[in-house]
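Engineer: Let me see the structure of the following:
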Amino acid sequence: MRREVLAAGFLMSLFVAGCKQTPRAEYKIPAEAVSRENPVKVTDASIAEGNQAYVKYDCQVCHAKNGDGKGFMAGASHYDCRDWRDAASLKNFTDGELFYIIVKGKGTMPGYEQKVDLAAAWAMVNYIRAFAKQTP
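Structural biologist: Next up, the predicted model:
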């Protein structure tokens with residue numbers, strides 16, 4: 001049990017160290033990114049691929065497994081993550097904006113440009129949008 005606690009603490013410190021960034025004074029997504037359309041069609045397969053990427057890149061650590069924004073690190077670090085289950089939290093984001101944030105990051109969220117396959121990032125956009133469709 002003690003080893004698991006120590007391992008969890010060590011992993012958490014690595015994650016926090018990797019996520020800390022200086023918040024940008026102004027965050028503006030370029031117009032060409034905002035208007036970019038998702039080339040990955042919304043299908044059960046693309047949503048499943050997005051889920052796999054969401055898990056692989058540990059998105060649930062902050063955004064939670066169910067997308068409610070109350071993941072372990074969000075609570076521990078007082079991050080204010082959106083509840084993706086609420087359609088209103090997504091309505092003002094284009095697919096291009098969500099993709100840009102996944103790839104480039106935003107505020108304390110690191111970008112995954114060097115890690116994620118771009119098709120998988122687009123599939124994650126489909127997966128994130130699926131959270132709101134699953135909530136009654």
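Engineer: Contacts made by stretch 108-122 with the rest, please.
Structural biologist: Counting by CB atoms under 8 Å, 6 or more residues apart in numbering, stretch 108-122 makes contact with 18-21, 23, 38-40, 46, 49-50, 52-53, 57, 62, 77, 79, 95, 99, 101-105, 124, all of which sit outside it. C-betas here are computed from N, CA, C, even on glycine.
Engineer: Can you flag which of those belong to helices?
Structural biologist: Using DSSP state H, 18-19, 46, 49-50, 52-53, 62, 77, 95, 99, 101-104, 124 are the members of the contacts of stretch 108-122 that sit in helices.
Engineer: So for residue 52, what's the nearest residue that isn't a sequence neighbour?
Structural biologist: Beyond its immediate neighbours in the sequence, the residue positioned closest to residue 52 (CB to CB, 6 or more residues apart in numbering) is residue 120, lying 7.7 Å away.
Engineer: Within the helices and strands, which one has the one you found?
Structural biologist: helix 118-134 (DSSP states H and E).
Engineer: now do residue 88
Structural biologist: Assessed by DSSP H and E, residue 88 sits inside helix 87-90.
Engineer: just checking, what packs against that helix?
Structural biologist: Helix 87-90 makes packing contacts with helix 118-134 when contacts are defined by 3 or more CB pairs under 8 Å, 6 or more residues apart in numbering; DSSP states H and E.
Engineer: buried ones in the helix it packs on?
Structural biologist: 120-132 (16 or more other CB atoms under 10 Å).
Engineer: what's the burial count for the spatially closest residue to residue 79 that is not a sequence neighbour?
Structural biologist: The shortest distance from residue 79 to any residue other than its chain neighbours is 5.7 Å, reached at residue 62 (CB to CB, 6+ apart). With neighbours defined by other CB atoms under 10 Å, the count for residue 62 comes to 21.
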